[in-house]
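Sequence first, then the predicted structure, then my questions.
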Amino acid sequence: MAKKHIAVAMGGYSSEFEISLQSGAMVCDFLDKDKYHAYPIHILKEGWFYVSEDGTKHPVHKEDFSFDKDGTTIKPDAVFNCIHGTPGEDGQLQAYLRLVGVPQTSAGYYQAALSFNKRDCLSVLKGFGINCANSYYVNKGSNIDKEEIIKKVGLPCFVKPNRAGSSFGVSKVKEMDELLPAIEKAYEEDNEVLIETALIGTEVQVGVYKNNGKIVALPTTEIVSQNEFFDYEAKYLGASEEITPARISEEETQKIQAEAKKIYEVLNMTGISRSDFIIQKGTPYFIETNTNPGLSPESIVPQQVRESGMTLTEFFSILVDDVLD
């Protein structure tokens, strides 16, 4: 059987592009060399390029996502989407690829856009009976009533940009006078801001994917942050402990996996998603879902894949073959 051409899209236009490049490099390394040709594609503000082994950049032809390699034009059979943030996790790249007829491994464009917008995603999931923290929304330029906000969410609370990843712009607010500076900080990442009750409990994350049409939950990971919360430093600079499987009861594990699978199903997801929860007094509360979770060596989904007894090569093949069928 002829090997399939897989373009591995990485980079992006957000603060997360460096992490995405690490994820993409890992996918290129671990994709099954007997089944696929892997091509690193850098999607950056300055342009879209296939980057050959010697570092030469070859422009991607945007009319069909093809590129030239050694005098041959290659149109990929599929795109392995490793972009965190815009444009690969918010639906823009997915919509473009659908228009040019190239399948890709993450959620569809609408599902990606919905889950990237924390406010809209929470609104939908609450309607399906998913437990979420109390929340309050503000938009840049709107009047801010500190008393009303604290009345709704209490203290401490989290202030988050609505559409940013890797915990950029997130603050934990403990006093009323910290609220406005935290909102200003969040506005640096997004003009929509989400303010949520700070839940007290164990933070647990779980990956979910589809294998032959069946929704499967990976083992759980517990996050123990040395910082106030699981922020950028904790995520990527080692200021946290990630324990896979999470040190929770079998009953709590099953509850969280069932909830993560329900979210995947309700949102009509495809590919791999990672949902984050806080277990407060035995109840999992949904925080957010990521449709392009990190796949770098430190990332949580690769830890869960290894814990489940699969190799990353086997896992990546499942994701790619799912969209090639």
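Received the coordinates, thanks. Predicted model, so just to flag it, every value in this text is computed and none were measured. Numbers count the residues shown, from 1 in each chain.

Select the helix or strand of the chain having the lowest average pLDDT value.
helix 232-236 (a mean of 50; mean pLDDT, DSSP states H and E).

buried stuff in the helix or strand following that one?
Downstream of helix 232-236, the next assigned helix or strand under DSSP states H and E is strand 240-243. Judged by neighbour count (16 or more other C-beta atoms under 10 Å), strand 240-243 contains these buried residues: Ser240, Glu242. Yep, even glycine has a C-beta here, placed from its N, CA and C like the rest.

Strand 240-243 packs against which elements?
strand 214-225 (3 or more C-beta pairs under 8 Å, 6 or more residues apart in numbering; DSSP states H and E).

In its sheet, which strands sit next to the strand it packs on, and in what direction?
Here strand 214-225 has these sheet partners by DSSP bridges: strand 202-211 (antiparallel), strand 240-243 (antiparallel).

ok now stretch 303-316, how far from the chain's centre?
Distance of stretch 303-316 from its chain centroid, counting by C-alpha atoms, centre = their mean, to the nearest Å, is 18 Å.

Can you get me the start-to-end distance on that stretch?
Using C-alpha to C-alpha, to the nearest Å, the gap from the first to the last residue of stretch 303-316 comes to 14 Å.

So for that stretch, what gets flagged as buried?
Gln303, Gln304, Val305, Ser308, Leu312, Phe315, Phe316.

that older thread, now the strands paired with strand 214-225 in JSON lines, please, with extra columns for mean pLDDT.
What follows is these, written out as JSON lines (pLDDT from 0 to 100):
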{"stretch": "strand 202-211", "mean pLDDT": "96"}
{"stretch": "strand 240-243", "mean pLDDT": "86"}
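
Any idea which of those strands gets closest to Asp276?
The closest of the strands paired with strand 214-225 to Asp276 is strand 202-211. By C-beta to C-beta, the value is 4.8 Å.

Tell me the buried residues in that closest one?
Quick answer for strand 202-211 (16+ other C-beta under 10 Å): Thr202, Glu203, Val204, Gln205, Val206, Gly207, Val208, Tyr209, Lys210.

Take these and write them to JSON lines, including distance to Leu179.
Output for those, formatted as JSON lines (distance: C-beta to C-beta, whole Å):
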{"residue": "Thr202", "distance to Leu179": "26"}
{"residue": "Glu203", "distance to Leu179": "23"}
{"residue": "Val204", "distance to Leu179": "28"}
{"residue": "Gln205", "distance to Leu179": "27"}
{"residue": "Val206", "distance to Leu179": "31"}
{"residue": "Gly207", "distance to Leu179": "34"}
{"residue": "Val208", "distance to Leu179": "34"}
{"residue": "Tyr209", "distance to Leu179": "38"}
{"residue": "Lys210", "distance to Leu179": "41"}
